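Undergrad: Just the structure for this:
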Amino acid sequence: MALSCAEMMAEAAAEYAGLDLETRAGKTVQLRNILMLPDEGLKAARVILGKFGETGAEELEELVPQIRDLLLLVADDPAALKTEMEDWPLAVFVRTVGDWQEETQVGEAPRSDS
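TA: Now for the predicted structure:
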């Protein structure tokens with residue numbers, strides 16, 4: 001019995017779920033798992049995420065444009081999220097990315113006893 005592509009997409013979406021974020025305007029925006037992005041989006045997200053690890057806390061403010069770009073890249077409704085983020089302070093950007101990373105991280109492979 002073969003799986004249809006639609007079934008495979010549905011199973012992948014369930015396994016690699018995103019983070020639902022409710023805007024103050026009442027819209028729900030899903031911040032998708034990077035594994036669910038098309039190839040170009042995946043590459044762009046990895047570049048941005050790589051820069052976070054290189055940055056000290058004192059330089060986080062300089063990353064706001066990149067954090068904004070990352071969130072817009074993974075959002076299923078970038079327009080609604082862009083409006084929501086217009087007046088966000090740095091702390092909300094950092095917390096949102098942290099919550100998104102925690103929710104969407106891929107589990108590690110189990111350790112072997114051998």
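Undergrad: Please name the nearest non-neighbouring residue to residue 42.
TA: Setting aside the residues directly before and after it, residue 42 is nearest to residue 34 in space (CB to CB, 6 or more residues apart in numbering), at 5.7 Å. Every residue, glycine included, has its C-beta placed from N, CA and C.
Undergrad: Now for that neighbour, how many residues are close by?
TA: Per other CB atoms under 10 Å, the neighbour tally for residue 34 reads 24.
Undergrad: Toward the C-terminus, what is the element adjacent to the lowest-mean-pLDDT helix or strand in the chain?
TA: Ranked by mean pLDDT, DSSP states H and E, the weakest helix or strand in the chain is helix 39-53, scoring a mean of 85. Counting by DSSP states H and E, the next helix or strand C-terminal to helix 39-53 is helix 64-74.
Undergrad: List the contacts of the helix or strand following that next one.
TA: Counting by DSSP H and E, the element after helix 64-74 in chain order, helix or strand, is helix 78-85. Helix 78-85 has contacts (CB atoms under 8 Å, 6 or more residues apart in numbering) with 21, 23, 24, 25, 27, 29, 68, 71, 72, 75, 93.
Undergrad: My guess is the last one contacts residue 68. True?
TA: It stands for residue 93. Yes. Between residue 93 and residue 68 a contact is recorded at 7.0 Å, counting by CB atoms under 8 Å.
Undergrad: More neighbours: which of those two?
TA: Using other CB under 10 Å, the more surrounded residue of residue 93 and residue 68 is residue 93, with 20 against 17.
Undergrad: Tell me which residues touch that one, please.
TA: 64, 67, 68, 71, 85.
Undergrad: same thing but 10 Å
TA: Residues near residue 93 by CB atoms under 10 Å, 6 or more residues apart in numbering: 60, 61, 63, 64, 66, 67, 68, 70, 71, 85.
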